[in-house]
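Asker: I would like the atomic coordinates for the input below:
(chains A, B and C)
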Amino acid sequence: CGFALRGTANLPFSTLYIGASDTSEMGAQLRRYVRNTTNTQVVEDPRQAQAQLQILSETRERSILTLDAAGRVREYELRYLLSFRVQGNGREYIPDTTIALKRDITFADANTLAKDSEANLLYRDMQNEAVQQVLRRMAAI
Amino acid sequence: ARADNAQPTTVDADSLRYDDLKQTSIFTGNVVLTKGSLILRADRMELREDAEGYQFGVATANGGKLVNVRQRREGTDEYIEGVAERVEYDGRNELIHFISKAIVKRLACEQMVDEVRGQRVTYNQRTETYTATGGPQAPTSNQRVRTIIQPRAQGAGNAPASGCPAPANKAAR
Amino acid sequence: QEGPSESAPAASGSVSGPGLRLSPGLRVQTYDPDQLPVFMEADTLTGESQDAVTLEGHAQVRRRDTVLKGDSIRYDQVEDELEALGNVRLVRDGNLLTGPSLKLNMASGTGELSDARFSLGINGGSGSAEKIVMLGQNRMRAERVTYSGCPCDEPDWELRARRVDFDYNAGTALGYGGVLYFKDVPILAAPLMSFPLTKDRKSGFLSPTFGLTSKSGPEFSTPYYFNIAPNRDATLTPKFMARRGLQLTGEFRYLEPSFSGETRASYLPDDSVSGRDRYLISSQHRQWLTPSLGFNWNFSKVSDDAYFRDLSVLGTGLASTATLERSFTLNWNQGYWDAFGRVVTYQTLQDPLAPIVPPYGREPQLHLTGQRYDWNGFDLRMEADATRFRSDTLVNGSRVYVHPSVSYPIIRPGGFFIPKVGIHATRYDTDAYKGASSYDASRTVPIMSVDTGLIFERDSSLLGQAARQTLEPRLYYLRVPYRNQSNLPVYDTALADFNFAQIFSENLYSGWDRIAEANQLTAALTSRWLDPKTGVERARVTGAQRLYFSDQRVTLPGEAPSSDGRSDFLASVYGALTSTLSGETTVQYNPKIERITRSTIGVRWSPQRLSTVSLAYRYKRETVSVPGQELVDVAFQWPLAERWFGIGRINYSLLENRIAEAVAGIEYNGGCCWAFRVVGQRYAVAKENATTAMFFQLELTGFGGIGANPMTTLRRSIPGYQVVNPPPEAGTAFERYE
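Answerer: Residues are numbered from 1 along each chain as shown, chains lettered A, B, ... in the order given. Down below sits the predicted model:
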């Protein structure tokens, strides 16, 4: 049916600087996937890089989605927004772009604490999906 | 300019014709009239005197050239320089009329301080002021009177008599 | 333009590349007004004395910063003074002043104009005054003036005042003894009224709001905004409520290089309905002492449990919260290590009809995280936590756990294989409680998992457009041996929602008091349609299910162990079908009882500006621990007729046949400088108790500054809501040329 294993993505720059620290999960994932799924090498010095992936902002939002009959919050909507751009030797490969993802999370006042850690799990899940979307957009340059 | 009036009027020209009937002398060709610091250059000029001896002149230039008048202002280093297609000199009232394409400039140390353009600019030698009106032959885009006044050093009034920084004070030609 | 040139040198950030640079030509040139030539034009011109000139007939005096026209103008060059008579028009500082006569000193910019009309370049406002005094340096005073900041020919509102002082540099105006008329009806009077001339942040009144709520009767609030500094501002909102009295709300925000925060406080002395003082305090603050050491606090407190039920707090997310957090956190990070110490307690607002168990306070909690990525291919993570849980009604105790883990991710373009091993060791010291003596317990359990998947791709098409389709099978095996945890206390743990994030996580529960036994395999298949040129995901279909090879004997108190062989089946479809229509649905199907246990369907259509409709249906099957839910949620902003826009949000619960929340409103865009809104809001605040509130708002463009608009809930409750009357473009001094 025409499907084939995805091959190495060849990006129009051979060295890339990633504007996220390598001690952060996002920074580590971006470096690992660029190194292993593209023909581009990750360099730590922006001056030597032919292109730069800049993480402009990363925001987490929470808004009330539904209320229960007693007027208490029953579901929150968690939103994660990652805006980035890719620039290099005089060209704007990917202009300022914002990836917006959202997840629903149920809520009950009694287990406020548990829902805090569950929300962190969902934010990390959205962050990973955003990283994958960044990589797919870079592969399409 | 008042001092100039007391000065004699001399006129040089290529040729002179005296028209007895109209009691006017007609100078033609490189006409230069000097009266004290007033110098007028034209191609043709008619000059006549009235009974009290006041002189009236009408100067014109041909071939698109303009009549040129230059006069020093009393006790200053400032000069008035005006051009027009036709200049009428009225000795009695000490008026100089610049008519059509008239541009009159006031220069301090050869720097343009003011400039007036109009169809007709009348310079009053006695009060050292001028009036101007617009018209079809005004040398301005919209046929109206246009004046440019350069800023003065604050409160300096007229240029002091000997204050010109100009290197050489060119003698009046 | 007067004043020093603010030519910002081109931003020299580390980014090289074709960044735009400020062209020198565009800079505002400065010049010394005394060095400017003056051009004059007229039908006739007479020189009066040495330096005075009179121009007659369509006279015009032009200088680089000023254009003056009139029937006749006298210019005295020594005094640098102009006097114009007849049809006077003066263009200066971007403003146009007209009147029968004018005296102006060009050097100082001071002058007078009698019964003049004026229009301001800075915001397009205009008006007339019996006398205008120009004070130089971009300042002007108008006496017995009518002024409207509305930049259109027929201004719908105007301010009639004894005197108004305009200051264009500061961008503000001060009205003395002013009365605000809207369509010739006086709506606001004040001895002193300051309002902004530009749309950037200036102190001034914000749009007043009239309201009618079922709890407090008619109410009127008129917020005043203080622009203290570019990085500090405050809003003071006096709100008069017919039934309760005067409530004063203040909000103060600050943003400094190393710290920032906002504090909001409301005080309603002697609420005549409840007969007591009502107050709310909510303060957030974040500060970095050194690049690696900082602290923050988040403190909220209200005077009584019924505060939110009685007092509508439009525009804040606090309306339906029942637990208000109070925490102080000290955080530290250095290289691979991140740590924080904090104290967190909660004020619980009880609803007598639906009491809840107050959450534990963590007094204190110490937490340490270490992450070292790609150390010779290994990822090392370490999490350690020591917390003392305190509660008035539940058992108290402390818990200490350490959770190191290591994984070796193998990533290839066509797939990935990530084995991971971790150990979770916990120790509990529980106090005596209701007769039971204190005891301690511990639990150590390994957590092993393998996450692997492949990525196939092919060219295909979606709705006739080329697309790159992917097919991504994924397997996630998790092995966690059984540990009897029935005697362990439950401090911060609950069953997590079952969704695509949880189905690939190491624990059924969120929180660490229970670590579910696991010998399970999660299988998932995802297919995405990507836009070939940009890689943007235009559609996605995903299915996943978890196979259990052992029973789940670890339970929370009151939960029954389950021995299902398979979990519910999860499926989700997402599609951005066209640029204006997108939809998403998620379904959770329980094969054992052959029923859908949870589903959400959402569609959003926004064909053009100011029109958007979003529909959502949420269904959750009732279970022993989770109440059922069946909700329809409609939100729309739609043009009803020319200039009329309808907005609405209805959140209707089919199970309880009751509107949980409804917002409905009409907005009228009254031409270029005013908009009128009527918004009704009804939301449940307790079991059988709902608040209905009506709000009227007249927004005068060019009068009210920006700031907290009580209608901000509109934006939050209606996805894709757009402002009906965008603020006018800020004019510049260069706008007008004659």
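Asker: buried ones in stretch C:53-72?
Answerer: C:53-56, C:58-63, C:65-72 (16 or more other Cβ atoms under 10 Å in any protein chain shown). In this view, the C-beta of every residue, glycine as well, is placed from N, C-alpha and C.
Asker: also stretch B:27-47?
Answerer: Within stretch B:27-47, the residues scored as buried using 16+ other Cβ under 10 Å are B:27-28, B:31-47.
Asker: please flag which of the buried residues of stretch C:53-72 sit within strands.
Answerer: Applying DSSP state E to the buried residues of stretch C:53-72, the entries found in strands are C:53-56, C:58-63, C:66-72.
Asker: mean confidence (pLDDT) on the longest helix along chain A, please.
Answerer: Longest helix in chain A by number of residues (criterion: DSSP state H): helix A:112-139. Helix A:112-139 shows a mean pLDDT of 93.
Asker: surely C:Gly602 is in contact with C:Ala616?
Answerer: Yes. The pair C:Gly602 / C:Ala616 is scored as a contact, 4.2 Å apart, by Cβ atoms under 8 Å.
Asker: mind listing the helices for chain B?
Answerer: B:2-6.
Asker: could you give the number of residues near C:Gly275?
Answerer: Using other Cβ atoms under 10 Å in any protein chain shown, C:Gly275 is surrounded by 7 other residues.
Asker: sorry, that was for C:Gly565
Answerer: Residues near C:Gly565, counting by other Cβ under 10 Å: 11.
Asker: secondary structure element holding the spatially closest residue to C:Val67 that is not a sequence neighbour?
Answerer: The shortest distance from C:Val67 to any residue other than its chain neighbours is 4.4 Å, reached at C:Val91 (Cβ to Cβ, 6 or more residues apart in numbering or on different chains). Element membership for C:Val91 (DSSP states H and E) is strand C:81-92.
Asker: kindly report the same for C:Gly175.
Answerer: Here C:Gly175, judged by DSSP H and E, is contained in strand C:172-182.
Asker: can you tell me if whichever strand or helix holds A:Lys102 touches chain C.
Answerer: Here A:Lys102, judged by DSSP H and E, is contained in strand A:91-106. Yes. Judged by Cβ under 8 Å from any Cβ of the partner chain, strand A:91-106 comes into contact with chain C at A:Arg91, A:Glu92, A:Arg103, A:Asp104, A:Ile105, A:Thr106.
Asker: dump the residues you listed to CSV, plus distance to chain B, neighbour count and pLDDT.
Answerer: Below are the residues of strand A:91-106 next to chain C laid out as CSV (distance: Cβ to the nearest Cβ, whole Å; neighbours: other Cβ atoms under 10 Å in any protein chain shown; pLDDT from 0 to 100):
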residue, distance to chain B, neighbour count, pLDDT
A:Arg91, 48, 14, 87
A:Glu92, 47, 13, 89
A:Arg103, 69, 20, 91
A:Asp104, 72, 18, 90
A:Ile105, 72, 20, 92
A:Thr106, 77, 21, 90
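Asker: ok, those residues vs chain C, which is closest?
Answerer: A:Thr106 (5.3 Å; Cβ to the nearest Cβ).
Asker: you'd agree that closest one is up against A:Arg72?
Answerer: No. A:Thr106 is beyond contact range of A:Arg72, at 11.7 Å (criterion: Cβ under 8 Å).
Asker: only the C-alpha atoms, please, for stretch B:57-75, written as CSV.
Answerer: What follows is stretch B:57-75, C-alpha atoms only, in CSV (Å, rounded to 0.1, in the frame of the first residue of the first chain):
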residue,chain,number,x,y,z
GLY,B,57,13.8,105.9,-15.5
VAL,B,58,12.3,102.8,-17.2
ALA,B,59,14.8,100.0,-17.8
THR,B,60,14.2,96.9,-19.8
ALA,B,61,16.2,93.9,-20.9
ASN,B,62,15.7,92.0,-24.1
GLY,B,63,16.0,88.4,-25.1
GLY,B,64,14.7,87.0,-21.8
LYS,B,65,17.5,88.6,-19.8
LEU,B,66,16.5,90.5,-16.7
VAL,B,67,17.3,94.0,-15.5
ASN,B,68,19.6,93.9,-12.4
VAL,B,69,19.6,96.4,-9.6
ARG,B,70,21.9,96.4,-6.6
GLN,B,71,22.0,98.9,-3.7
ARG,B,72,23.7,99.0,-0.4
ARG,B,73,21.5,99.7,2.7
GLU,B,74,22.3,102.7,4.7
GLY,B,75,25.1,102.2,7.2
